[in-house]
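Chemist: I would like the atomic coordinates for the input below:
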Amino acid sequence: MTTKQRIYWVSLIAGAGLCLDQLSKWFAGYYLNGWQMTSYWFDLVRLGYRENSGVFLSLGSELPPPLRSVLFIGVIGLLLVAILMYTLKGAELNRNQVTGLSLVLSGGVSNLIDRVLNNGAVIDFLNLGLGELRTGVFNIADVAILCGAVMVILFTSHNQHVATQKT
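Modeler: Now for the predicted structure:
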């Protein structure tokens, strides 16, 4: 892919993911009852508004607010810039890897926007599970980050496997 094609592809994927996530968070804030989970589809899906000041499963939410800001806004912001630069310039990346990194960027930037606009917290609203076996509460950005990371891992190991077979 040329740099111009990468810029287009990253903009398309990351832009669409960011818009979808921000729209879903607006919906959650506007329509869902605060802190009350409502069950759907035989309790497979639960929806309820949550504000998470930590990261995955609220890790770090007990840190002092200035440290959380440095870590979850400053450090994450720098990491996202580095991922963007690598995505645009990494000559060895194929379209699938660029797509995966674009999804990671999409979710990361959307959650970063939440933290900047929402006093350091991210809006979460989805919970999946069967009976007592349940996920933590998450959002669309988290799904994008997870799917993107899985794509990068799968298509990196696939490329290495193909390269090994050719030698």
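Chemist: what's the model's confidence in the host helix or strand of Gly148, averaged?
Modeler: According to DSSP states H and E, Gly148 maps onto helix 140-166. For helix 140-166, mean pLDDT is 82.
Chemist: all numbers from here: first residue = 501
Modeler: In the new count, where the first residue is 501, that last one comes out as helix 640-666.
Chemist: And Val622, its phi and psi?
Modeler: phi -110, psi 140 (degrees, to the nearest 10).
Chemist: Where does the residue nearest to it when sequence neighbours are not counted fall, secondary structure wise?
Modeler: Of all residues not flanking Val622 in the chain, Asp614 sits nearest, at 4.5 Å (C-beta to C-beta, 6 or more residues apart in numbering). Placement of C-beta: from N, CA and C, glycine included. Element membership of Asp614, judged by DSSP H and E, is helix 595-617.
Chemist: tell me which residues of the longest helix seen in the chain are tucked away?
Modeler: Longest helix in the chain, counting residues (DSSP state H): helix 503-531. Going by neighbour count (16 or more other C-beta atoms under 10 Å), the buried part of helix 503-531 is 506, 509-510, 513-514, 517-518, 520-522, 524-525, 528.
Chemist: On the C-terminal side of it, identify the next helix or strand.
Modeler: Once helix 503-531 ends, the next helix or strand along the chain (criterion: DSSP H and E) is strand 538-540.
Chemist: The very next helix or strand once past that following strand packs against which elements?
Modeler: Downstream of strand 538-540, the next assigned helix or strand under DSSP H and E is strand 545-552. If you count contacts as 3 or more C-beta pairs under 8 Å, 6 or more residues apart in numbering; DSSP states H and E, strand 545-552 packs onto helix 503-531, strand 538-540, strand 622-630.
Chemist: For strand 545-552, which outside residues touch it?
Modeler: Contact with strand 545-552 is made by 528-529, 532-540, 558, 561, 618, 621-629, 634, 637, as judged by C-beta atoms under 8 Å, 6 or more residues apart in numbering.
Chemist: Among those residues, name the buried ones.
Modeler: Buried by 16+ other C-beta under 10 Å: Ala528, Leu532, Met537, Ala621, Val622, Ile623, Asp624, Phe625, Leu626, Asn627, Val637, out of the contacts of strand 545-552.
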